[in-house]
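S.K.: prediction below, plus the sequence it came from.
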Amino acid sequence: MIDILDKLYQRDLEKLKTEITSYKNEENLWKISGDIKNSAGNLCLHLCGNLQHFIGAVLGNSGYVRNRDAEFSKKNVTIRELVAEIELTINVLKKTLAQLREADLQNIYPINVFGYEMTTEYLLTHMAAHFNYHLGQINYHRRLLDY
């Protein structure tokens with residue numbers, strides 16, 4: 001399961017990098033419109049922060065300190081800086097997942113995230129689904145607002 005999760009996370013982080021670098025106009029990364037309240041840039045920051053916190057810091061003791069509010073309030077971060085954050089996230093996940101054993105997946109995840117206990121495997125699977133939800137939003141954002 002760890003190998004599968006590692007491959008899925010690496011694949012999807014590469015897709016995130018492709019989406020972010022596909023913007024024709026860097027300013028469009030930060031556009032919001034109508035009911036679209038989160039920009040692609042903020043969603044990218046959120047995805048990286050989420051993974052670096054829940055996987056890197058909690059499971060891998062990476063030392064990452066999350067500022068969730070900044071994930072949604074920062075603006076005008078360059079594409080180059082976003083790609084660097086994605087690359088950092090890729091490296092943190094590779095390192096952390098390589099340290100896990102299959103038996104670790106059945107352990108109760110160290111922090112209570114949703115108000116109930118869950119296994120590490122459950123949390124890691126949830127995180128992959130959450131990532132793809134926002135990745136789809138970024139794809140639509142780019143196609144709707146990057147003209």
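M.R.: Nice, I can see it. Residues are numbered from 1 along each chain as shown.
S.K.: ok, now which ones touch the spatially most central residue of the chain?
M.R.: Taking CA atoms, centre = their mean, the centroid of the chain lies closest to Leu47, which sits 2.4 Å from it. Contacts were defined as CB atoms under 8 Å, 6 or more residues apart in numbering; by that measure Leu47 touches 16, 89, 131, 134-135. Every C-beta, even on glycine, is put in place using the N, C-alpha and C of the backbone.
S.K.: that one should be in a helix, yeah?
M.R.: Yes: applying DSSP: H, G, I helix; E, B strand; the rest coil, one finds Leu47 inside a helix.
S.K.: okay, it and Leu135: tell me how far apart.
M.R.: 7 Å (CB to CB, to the nearest Å).
S.K.: hey, what's in contact with both of those two?
M.R.: In contact with both Leu47 and Leu135: Leu16, using CB under 8 Å, 6+ apart.
S.K.: so which residue of the chain lies furthest out from the middle?
M.R.: Most remote from the centre of the chain, using CA atoms, centre = their mean: Tyr147, at 25.2 Å.
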